[in-house]
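Chemist: Sequence and predicted structure below; questions after.
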Amino acid sequence: MTGPRLALQDGTDTELRALLERPGHAYLFVGPSGSGKVSAARAFAAALLCERHGCGECASCAAAEVGSHPDLVLIERSGPALTMEEVRSATALALRAPLGGQRQVVVLRDVHLGRQVMPALLKTVEEPPASTVFVLLADGAGPELATLASRCAVVHFERLGVDWLTSTLTAEGVPPDRAQLAAAASGGSLVRARLLATDDELALRRDVWMSVAGRLDSTGCTVASLVSELTELTDRAMQPLRSRHREQLRHHAEHAKQFGSDSVVPKKLLLEQQRREERRARTEELQAGLAALAESYRIRLTPADRTEAQRPHSVEAVRDAAACIERAGRSLVRNPNETLLLQSVLVRLQQHV
């Protein structure tokens, strides 16, 4: 696969290339968030759709890379779990004829969050048309996925380490200091690390989050001001992604004009995919910020290099504050109201001022 960039752990790229030699009807990519399986799914799908198995030069590869290929469809959950409606959508897409070639690829994310719809999903995967290939993504392969996994070729991914991400970004031309910072803030995701490497405000945002604990007092006014500042920073952090989305739409329009509207994913579907990608990016950004805030509290447990103002009231108080922040970070996957969540966290942290 020489098309859309693959940057995987040793052995995974080789495994995917081997699977391309005799394509099956369904694949299950298993690995934690940030392990690169989404990028791998796109590249693998591009190679399945390309007449030259992922040449990276043809219109098919170009469309797959930016998400506008009509025969590459990504389905994501809109809520905390996959719904029957989303599985039915996958089924309907699987039954249609390819629009641009001899094969189509349906990528379905977060199948580990589809316990209630697993029977319907299993039936869909078991009986696709010969022209449809499923690539299913899961963060883990628990017992509930055992039957589904038995119907698929399973590929395992490991979380990408900071050192590996740093060296990958550096090899791509990112300055070492920026590569290190982007890798550390990426949560192990190469896609996010690449995006953060283009973000001039990354260091600023981390510094602001790290400063929150020292700026808290006993007033609600301070909490409101801090929440407003953090929310604004999160909004600005979306600008690189929005720029990429605008470029994606530009490419989509050019491709449609050159090859016809049937040669691209419907614009409505592309916009929906972008909306969900931004929602996920906001969650990742807030999780990274909360992780920096939790780190600022854990630093207070380190005896060396602490000022008197940094000394905790008690070890238990600092641990309680860090635990509160980490719970808030985990709760972001349920798409809560961001402002209310941050307010509740900071009010709780005021108890330790």
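Modeler: Good, I have the coordinates.

Chemist: now the longest helix seen in the chain: how far from the chain's centre is it?
Modeler: The residue-count maximum for a helix in the chain (DSSP state H) belongs to helix 267-298. Its chain's C-alpha centre and that of helix 267-298 lie 8 Å apart, by CA atoms, centre = their mean, to the nearest Å.

Chemist: now for that helix, which elements pack on it?
Modeler: For helix 267-298, the packing partners by 3 or more CB pairs under 8 Å, 6 or more residues apart in numbering; DSSP states H and E come out as helix 190-196, helix 202-215, helix 220-237, helix 239-259, helix 315-331, helix 338-349. In short, each C-beta sits where N, CA and C put it, glycine included.

Chemist: Swap in 7 Å and give it another go.
Modeler: Where contact means 3 or more CB pairs under 7 Å, 6 or more residues apart in numbering; DSSP states H and E, helix 267-298 is packed against helix 202-215, helix 220-237, helix 239-259, helix 315-331.

Chemist: what pairs with the nearest residue to H112 once chain neighbours are set aside across the strands?
Modeler: Distances taken as CB to CB, 6 or more residues apart in numbering put A138 closest to H112, at 4.1 Å, once the chain neighbours are dropped. Per DSSP bridges, the residues bridged to A138 are V30.

Chemist: Please look at A138 and L145 and confirm they touch.
Modeler: Yes: using CB atoms under 7 Å, A138 is in contact with L145, at 6.2 Å.

Chemist: Convert the C-alpha atoms of stretch 188-206 to CSV, please.
Modeler: The C-alpha coordinates for stretch 188-206 follow below in CSV (Å, rounded to 0.1, in the frame of the first residue of the first chain):
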residue,chain,number,x,y,z
GLY,A,188,-1.4,8.2,21.1
SER,A,189,-3.2,9.1,17.8
LEU,A,190,-1.0,9.8,14.8
VAL,A,191,-3.9,11.6,13.0
ARG,A,192,-4.3,14.0,16.0
ALA,A,193,-0.5,14.3,16.4
ARG,A,194,-0.2,15.4,12.8
LEU,A,195,-3.0,17.9,13.3
LEU,A,196,-1.5,19.3,16.5
ALA,A,197,1.9,19.7,14.8
THR,A,198,0.3,22.4,12.6
ASP,A,199,-1.2,24.1,15.6
ASP,A,200,0.7,27.3,16.7
GLU,A,201,-1.3,27.6,19.9
LEU,A,202,-0.7,24.1,21.3
ALA,A,203,1.9,25.1,23.8
LEU,A,204,-0.2,28.1,24.9
ARG,A,205,-3.2,26.0,25.6
ARG,A,206,-1.3,23.5,27.7
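
Chemist: Contacts for it, please.
Modeler: Residues from elsewhere that reach stretch 188-206 (CB atoms under 7 Å, 6 or more residues apart in numbering): 7, 34-36, 38-39, 159-160, 165, 168-169, 174, 178-179, 181-183, 185-186, 233, 236-237, 240-241, 284, 289, 292.

Chemist: redo that, cut-off 6 Å
Modeler: Applying CB atoms under 6 Å, 6 or more residues apart in numbering, the contact partners of stretch 188-206 are 7, 34, 36, 39, 159-160, 165, 169, 174, 178, 181-183, 185-186, 233, 240, 284, 292.

Chemist: How about stretch 344-352?
Modeler: Residues outside stretch 344-352 that contact it (CB under 6 Å, 6+ apart): L216, V223, A317, A321, C324, A328.

Chemist: how about the residues you listed, which pair is most distant?
Modeler: By the measure CB to CB, V223 and A317 form the most distant pair in these, at 18.1 Å.

Chemist: out of these two, which sits in the more crowded spot?
Modeler: V223 (20 against 14; other CB atoms under 10 Å).

Chemist: The spatially closest residue to the more buried one that is not a sequence neighbour: neighbouring residues, count only.
Modeler: Excluding the flanking residues, the one nearest V223 by CB to CB, 6+ apart is L346, at 4.6 Å. Residues near L346, counting by other CB under 10 Å, number 23.

Chemist: sorry, back to before: what is the lowest-pLDDT residue among the contacts of stretch 344-352?
Modeler: Least confident entry in the contacts of stretch 344-352, by pLDDT: A317, with 83.

Chemist: Give me the nearest residue to that residue, chain neighbours excluded.
Modeler: Going by CB to CB, 6+ apart, A317 has H352 as its nearest residue, at 4.7 Å.

Chemist: Compute the distance between that neighbour and T219, please.
Modeler: Distance from H352 to T219, counting by CB to CB, to the nearest Å: 15 Å.

Chemist: ok, A64 - contacts?
Modeler: So A64 contacts A46, L72 (CB under 6 Å, 6+ apart).

Chemist: Understood, closing this out.
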